[in-house]
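Enquirer: how would this look folded up:
(2 chains)
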Amino acid sequence: MRLERRAHVPLSLAIAAPIGAVVAALILAGLLIALAGVPVFEAYRRMLIGAFGSRLSISETLTRTTPLILTGLAAAVAFRSRVWNIGAEGQFYLGALATAALGSKLGLHLAPLVEIPILMLAGALAGALLLLVPLGLRLKFGVDEVVTTLLLNFVAVLFVSMMIEGPLKDPLAFGWPQSVPILADMALPKLLPRSRLHIGLLVAIGLALVLYFVQSRTRFGLEARAAGLNPQAARFAGVPIGWILVRVALISGGLAGLAGAIEVLGVKGYVTTDLSPGFGYTGVVVAMLAGLNPIGVIVAALFVATMFVGADGMSRAMGVPSFIADVIVALSLLTMLVALLLANYRVRR
Amino acid sequence: MSGRALELNGITKRFGALVANDDVTLTLGQGELLALLGENGAGKTTLMNILFGHYTADSGSVVAFGRTLPPGKPRAAIEAGIGMVHQHFALAANLSVIENVIAGTERLGALALNKRAARVKLAALSERFGLTVDPDARVGDLSVGERQRVEILKSLYRDARVLILDEPTAVLTHQEAERLYRTLRGMAEQGLSIIFISHKLHEVLAAADRVVVLRGGKVVAERKAGDTNREELAELMVGRRVARPHRDAQTPGAVALKADRVSVMSGGASLLADVSFEVRAGETLGVIGVSGNGQSTLGRLVSGLVSPSSGSLDLFGHPVAQFSPRGFVEMGVGRIPEDRNADGAIGEMTIWENAVLERIGEKRFSAGGLVRRGPARAFAAEIIRRFDVRGGGPDTATRLLSGGNMQKLILGRNLIAAPKILVAAQPTRGLDEGAVAAVHAEILAARRAGTAVLLISEDLDEVVALADRVQAIVKGRLSPPITVSDADPRRLGLMMAGAWDEAA
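Expert: Just a heads-up that it's a prediction; the model follows:
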C-alpha cells in the first residue's frame, strides 16, 4: 500500500475532509463517553443544548469563539509562511497586560471612542513585538522559532505574574494577584444586552475576512505565500524574504495580542494569570482544523468553542467529566491531520 | 552471458486513462548491461517500479532467475536479488555510510548493530567492484557521486544480483558519470545483471550492451549498442527525426554584459576570483567547466543574487551599484537558474503566479498593493501559447508540469519580455531530447534577436552548438576566451582541467 499525491484536490474533498475528521473524532470520543457508562447520543445532545440551548448559552459560546478566531488567525497566517509561531499564548498575555495597564486609572484617560482603538492597537503591538524577538533570532542566527516562541510563553506568563503582583497589582482585590482593572467606560459595547457577548466578535470576524482578502488578492499575500512555500525560489524571484516574514510576524503576533486585549476589554476587565484557558495553544488547533484558511478559522473556532462550552453543560447534566472537550478537540486535530493526508493523497495498493 | 536473469512478460499498467506500460516484454541476460531508453513520460520508471514491486501491474508477470515474483511486494524482489537505485537517493544524511548500508537489514530485537561483520562485508564489496567510499563518513558530507556509490553498495550488501538504476547520471558530473559507467561495466563483467534508465543517447551508446527503446509505454525497438547510432536512437525515442538546431554566423553588437576582475568571497572562501568576461548583443558566451567550480556563484552574480567583493560588473556600460534580483529583471536581464525546482519555480503555486512573481512590482501586475490577476493570467496564457508549455493552463499547479515544460515556462517568462541579456545556467539539465531541441531553438532565437546570452553549461555538445566563444571555469577562475571554431574536444578538456596555457 502506498500514498500517491493527488494532482488536484477536488473542492468537495477539501470540504469533506474537516467534516469527516470532526465526525471521526466525535465517534472516537463517543467510545470514551460510553465507557463512562453514559448514553452517547444523549450526552452529545446535552452538549449541543449546553452550547446552543438558550440565549445565554449561545452568547457564552460566541464569547468563547471570539479569542479563538483571533489566535487561530494568528497561527494560520504565520504557518502559511512557515513561521512556526507557537507563542500565541504569551503574545495574548502581553497584549492583555498592555491593554489593562493603559486602560486603567494609571493609564491614558482619553475619551473611550478614541482610547478603545488605541488600547486594542497597544495590545496588538505588544503581541507583535514579542514575536519579533524569535523571528529576529531566526533570521539572524537561524534559531528555531518553534522552541523560542514556545518557551517565551512561560516567560510572558511569569512576567505578567510579576507585574500583577507588583506595580500593576489591584490594591482593591483583597490580595488576589490581579491587575488594576480598566476604567468602566473602556469596556467594549455589548452585542447582546445582559450577556457577556461583546462587539469583539465582529472585530474578529471582520479581521478574518480582511486577512482572507489580503492573502488571496494582494501582492503581500502572494509574496508571503511564496516565501513560505519555497524561500529559495522566492529569493531568486526577488521577494524580500526577511521583510516579508517580519510583516507576517507583526500580523501574527498582533492578532494574538489583540485577542488578549479584546478579552480584557470585552469580558474580564483586568488580567489574571488564568485569563486564558490555553487560547494561544488552541489557536494552533483551530488553524489546523481550518486548513490555515482565514474563513475556515471562523468555523473551526466556533466548533472548538462549542465543544468547550457544551462539555460544561454535558458534564453538569450527565456527570461526564468536562475534560471530554479537551479530548474531542485533541482527537479532532489528529483526525484532521489524517483527513488532510487522505485528501491530498490517494491510497494505492 | 549465461541464462536469463530477469524476464518481464506482457506488463501492462494503467493510471486512469493513461496507459503507462502497454504489453511490455523484456529480458535481461546474466552479466548484461541493458539500457532502457525513452523520453520523460515514456513509462521507464513505471516499468521499473513494477519490476521492483512498488506498483502492481494490471497484467503480465515478472520472472527473476526462473521464479515468478509475487506482484506488489518489494521485499520479495529484494529477496530474489533485485536491487534498485532511485534517482532521488534514499539515504539518511545524518548517519554514516555503514549505518545507511545496514539500516533495514538488521534483525529487530538485536540489541547492538553487528557493525563489525557488516564492515568486513562492505569492505569486500567495495574492493571487488571498485566502489571506494569511507564507511565512517557522514552521508551528508559526501558528494553526489559518492552518495550514489553508497546506494549501489546498499543494494549489493543485500546480495543483489540484478541492479536497476533510474537515471543514474542525472545528478552526476561528466567525470562522475564516466566513472560510474566504468564501475557498472566492471560489475557486469563479474556476473551482475544491470538495467539502467536513461534518456542520454551518448551514454547509452557508450555504456550499454543492448538498448531497449520505450515510447508511449511500448517497446518500440531493441538494438545492440554496436549496431546502432545516435541519430537512429533519437528518432526511435522521439518518434520523429529530431535535430538539435545550430547557430548561424552573425556580427555581434555592443558589449551588454561585462565583468572586470570580479571576485566573490563568502565566509572566507573564495568563490570567484578575478573573473573577467564580456558578452555582446547578439552573441553567446559559453562557460564550460566541471560542476562545482564556481558556476553557481557566477550564475547568481549575474542574476543579482550575490554582489562582488571586488571588481565591477557592468550592464550596458554602467557598473551595477545595487545587486538585487528585481533590479536585474528591470534592467532587462532574463535569468534561467540552474536548478529549476529549487530556484526557478514554486511547485505549489500556479503557473500564473510563477510567471509573474519576479515582476510582481510592475504596474501591469500589481497596483496599490493588489495583484492584477487578469493581466497576470493573460501574461501566463501568452507564455503557454508562445512557448508551447504543455500540461496545464494559467491556474494549474506548477508542480504538475514535466521538467521540460517547467523549463519552457521559465524560459518563456524571461524571453517574452525580449531581454537584452539572457543568463542561462544549465538550461537543459535533465531534459529529454525533444525538450532540449526546443530550449536550444529559443536560446538561438533570442541571440538572433540581439540578446546577449551568457550560457553556463556542463554539456559540451550544448556549448559547441550554441556559443560563439567559450571560456572555462576552474576553481572560481575563468580562462581567456576562445572562439568556438577553435574548440576541439582535447582543447576544451585541457581548458576544463585548468591548463589553459597548454590549450592555447
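
Enquirer: the closest residue to residue B:442 other than its chain neighbours and chain A: what is the separation?
Expert: Nearest residue to residue B:442, sequence neighbours excluded (C-beta to C-beta, 6 or more residues apart in numbering or on different chains): residue B:411, at 5.5 Å. Heads up, the C-betas are built off the backbone N, CA and C, glycines and all. Per C-beta to the nearest C-beta, to the nearest Å, residue B:411 is found 15 Å from chain A.

Enquirer: for chain B, which residues are neighbours of chain A?
Expert: B:54-56, B:72, B:303-305, B:324-327, B:329, B:335, B:337, B:342-349, B:353, B:357-358, B:360-361, B:366, B:369-371, B:373, B:397, B:400 (C-beta under 8 Å from any C-beta of the partner chain).

Enquirer: quick one on the thing from earlier: quick one: contacts for the residue nearest to residue B:442?
Expert: Residue B:411 makes contacts with B:336, B:387, B:427, B:439, B:442-443, as judged by C-beta atoms under 8 Å, 6 or more residues apart in numbering or on different chains.

Enquirer: so which of those are in strands?
Expert: residue B:336 (DSSP state E).

Enquirer: now intersect the contacts of residue B:411 with the helices, please.
Expert: Among the contacts of residue B:411, the members found in helices (DSSP state H) are B:439, B:442-443.

Enquirer: name all residues that make contact with the closest residue in space to residue B:134 that isn't next to it in sequence.
Expert: Spatially, and ignoring its direct neighbours in sequence, residue B:134 is nearest to residue B:97 (6.6 Å; C-beta to C-beta, 6+ apart). By C-beta under 8 Å, 6+ apart, the contact list for residue B:97 reads B:122, B:133-137, B:139, B:142, B:150, B:153.

Enquirer: ok, back up a step: so which helix or strand takes in the residue nearest to residue B:442?
Expert: For residue B:411, the element it lies in under DSSP states H and E is helix B:403-415.

Enquirer: what is the mean pLDDT for that helix?
Expert: Helix B:403-415 comes out with an average pLDDT of 91.

Enquirer: kindly report the same for stretch B:95-115.
Expert: Mean predicted confidence for stretch B:95-115 is 74.

Enquirer: how long is it end to end?
Expert: 13 Å (C-alpha to C-alpha, to the nearest Å).

Enquirer: Throw the ones in helices among the contacts of residue B:411 into CSV and include neighbour count and pLDDT, thanks.
Expert: Formatted as CSV, these follow (neighbours: other C-beta atoms under 10 Å in any protein chain shown; pLDDT from 0 to 100):
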residue, neighbour count, pLDDT
B:439, 24, 91
B:442, 23, 92
B:443, 27, 94
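
Enquirer: now, which of those residues sits nearest residue B:479?
Expert: Nearest to residue B:479, judged by C-beta to C-beta, of the ones in helices among the contacts of residue B:411 is residue B:443 at 22.2 Å.

Enquirer: which residues touch the closest one?
Expert: Applying C-beta under 8 Å, 6+ apart, the residues contacting residue B:443 are B:284, B:411, B:422, B:424, B:427, B:453, B:455, B:466.

Enquirer: relative to chain A, how far out is the closest residue to the first one other than its chain neighbours?
Expert: This points to residue B:284. For residue B:284, ignoring the flanking residues on the chain, the nearest one in space by C-beta to C-beta, 6+ apart is residue B:453 at 4.1 Å. For residue B:453, the distance to chain A equals 19 Å [C-beta to the nearest C-beta].

Enquirer: doesn't residue B:156 lie inside a strand?
Expert: No: read with DSSP: H, G, I helix; E, B strand; the rest coil, residue B:156 is helix and lies in no strand.

Enquirer: what about the residue lying closest to it once chain neighbours are set aside, neighbour count?
Expert: Leaving aside its sequence neighbours, residue B:156 sits nearest to residue B:125 (C-beta to C-beta, 6+ apart; 5.0 Å). Using other C-beta atoms under 10 Å in any protein chain shown, residue B:125 has 16 neighbouring residues.

Enquirer: again, but for residue B:422
Expert: Using other C-beta under 10 Å: residue B:422 sits among 27 other residues.

Enquirer: what do you get for residue A:222?
Expert: Neighbour tally, residue A:222, other C-beta under 10 Å: 24.

Enquirer: helix or strand: which one has it?
Expert: Applying DSSP H and E, one finds residue A:222 within helix A:219-229.

Enquirer: got the contact list for that helix?
Expert: Contacts for helix A:219-229 (C-beta under 8 Å, 6+ apart): A:80-83, A:214-215, A:233-234, A:237, A:239-241, A:244-245, A:247-248, B:346-349, B:353, B:357, B:360-361, B:366, B:369-371.

Enquirer: just the residues you listed: which are in helices?
Expert: A:80, A:214-215, A:233-234, A:241, A:244-245, A:247-248, B:353.

Enquirer: list the residues that contact the residue in the stretch 151-300 of chain A that chain B sits nearest to.
Expert: Nearest residue of the stretch 151-300 of chain A to chain B (C-beta to the nearest C-beta) works out as residue A:238 at 3.5 Å. Residue A:238 makes contact with B:304, B:324-327, B:329, B:358, according to C-beta under 8 Å, 6+ apart.

Enquirer: which residue would you name as the spatial centre of chain A?
Expert: Residue closest to the average C-alpha location in chain A (C-alpha atoms, centre = their mean): residue A:71, at 2.2 Å.

Enquirer: right, and it touches residue A:258 too?
Expert: No: counting by C-beta atoms under 8 Å, residue A:71 stays clear of residue A:258, with 9.5 Å between them.

Enquirer: thinking again about what came up before, ramachandran coordinates for the residue of the stretch 151-300 of chain A closest to chain B?
Expert: phi 90, psi 10 (degrees, to the nearest 10).

Enquirer: what residue ranges in chain A score low on pLDDT?
Expert: A:1-3, A:7, A:348-349 (pLDDT under 70).

Enquirer: how about the residues of it by chain B?
Expert: So chain A meets chain B at A:2, A:7-8, A:217-223, A:225-226, A:229-230, A:232-239, A:348-349 (C-beta under 8 Å from any C-beta).

Enquirer: number of nearby residues for the closest residue to residue B:413 other than its chain neighbours?
Expert: In this structure, residue B:413 finds its nearest non-sequential neighbour in residue B:355, 4.9 Å apart by C-beta to C-beta, 6+ apart. Residues near residue B:355, counting by other C-beta under 10 Å, number 28.

Enquirer: can you tell me how far residue B:355 sits from chain A?
Expert: Residue B:355 is 11 Å from chain A, by C-beta to the nearest C-beta.
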